[in-house]
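*Asks:* Following is a predicted model, sequence given first.
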Amino acid sequence: MSIIPHNGLKRTDVLRPDLEYLIHLQGPAATLRLRQGYPRALMAGGHLSKFQGRGLEFDEVRLYQPGDDIRSMDWRVTARTGKPHSKLFREERERPALLMIDLRPAMFFATRGALKAVIAAECASLLAWSVVHQGDRVGSLLLDAGEHVMPSGIRPIRGKRGVMRLLGSIVNHRQWENRQAGIGATFLSFLQKGGHAARTGSLMMIISDGRGLDETCEAQIRQLLPHHNIIFVFIYDPFEADMQNVGLLLASDGDQSTQIDSANGQTRQQHAGHFARRREHLQELAKLPGFFLIECTTTDDPYTKLQATFGFTR
């Protein structure tokens, strides 16, 4: 079980998320600081954060003063009044966040620990509460077994209402009760939908096992990075990373089942290759400014993983 060092509350079910537990995570989330954008792992060195600056937003127009940057001239007001005016800017005070959660059938899998979808729900809750604690707005998209991406709450809103809307969409998702077959919408369409939904300067947080992430998806993410910061929480089961030879395995979604012969060397090699390619794409992206990768297995405590990267001591 995942143990959170706040009030001693523990995860009660590894097969589906508990709303009370997800709400409880707002306490631990207060120790996560996404706004600063200084992952702890980077603070010890001499390099600047990989997160880009917050940018500027328009504040007001005033009469031109000697020394003002000519690029800040407001030519429309100048033409209308006949007197030179300059635009003043201030540091942007809020950064909307878009949480993108993968709930396709493959996320409802684990050989140990909790289902990948349960880990994803906990990561989403922690990140969403952190956004609220820092006074920013949060919206969300769900990728599921349907043919299209679900806008659970695509328009970012401020406060607990936005988080509760997200948590309700996750906890009440039909996939928990009735496993849907199929692979769902493509990962590329998920990224494209998120890119269209996110306002320039947004913090995009993708929580997924990365299935379907290929060269085209990597290129799409590279196109998004000049306009957004991206956190990718890569969730996987240890069995996916390293299939051991344990003989014939039976995999089931509660409705349909299939057999996997882990004694077959070619099967293990193909399995390892698929996982390695997904990870390699993400690790290449992690070298770029504005992209930060967090790996979280089904046996990890999501709070511990996120706190190690974005946490601070109160």
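*Replies:* Noted; the coordinates are in hand. Residues are numbered from 1 along each chain as shown.
*Asks:* which residues of this structure score low on pLDDT?
*Replies:* By pLDDT under 70, the weakly predicted segments of the chain are 1-8, 35-59, 89-94, 147-153, 180-184, 245, 251-256, 261-263, 312-314.
*Asks:* where do the helices sit along it?
*Replies:* Here the chain has its helices, by DSSP state H, at 19-24, 26-29, 40-43, 75-81, 116-133, 160-171, 187-197, 215-224, 238-241, 265-285, 302-310.
*Asks:* how about stretch 285-295: buried residues?
*Replies:* Within stretch 285-295, the residues that count as buried by 16 or more other CB atoms under 10 Å are 285, 290-295. Where C-beta positions appear, they are placed from N, C-alpha and C, glycine not excepted.
*Asks:* from these, which is closest to residue 226?
*Replies:* Of all those, residue 226 sits closest to residue 290, with 7.8 Å by CB to CB.
*Asks:* Isn't the closest one up against residue 228?
*Replies:* Yes - taking contacts as CB atoms under 8 Å, residue 290 lies within contact range of residue 228: 7.1 Å.
*Asks:* Spatially nearest residue to residue 16, not counting backbone neighbours?
*Replies:* residue 176 (4.8 Å; CB to CB, 6 or more residues apart in numbering).
*Asks:* ok, how many other residues are close to the one you found?
*Replies:* 18 (other CB atoms under 10 Å).
*Asks:* for residue 155, same thing?
*Replies:* Using other CB under 10 Å, residue 155 has 12 other residues around it.
*Asks:* How is the protein divided into domains?
*Replies:* The chain is divided into the following domains under automatic domain parsing: 19-43+94-310, 57-91.
*Asks:* Name all residues that make contact with the residue lying closest to residue 170 once chain neighbours are set aside.
*Replies:* Of all residues not flanking residue 170 in the chain, residue 121 sits nearest, at 5.0 Å (CB to CB, 6+ apart). Taking CB atoms under 8 Å, 6 or more residues apart in numbering, we find residue 121 in contact with 17, 22, 101, 167, 170-171.
*Asks:* any idea how far residue 161 is from residue 139?
*Replies:* 12 Å (CB to CB, to the nearest Å).
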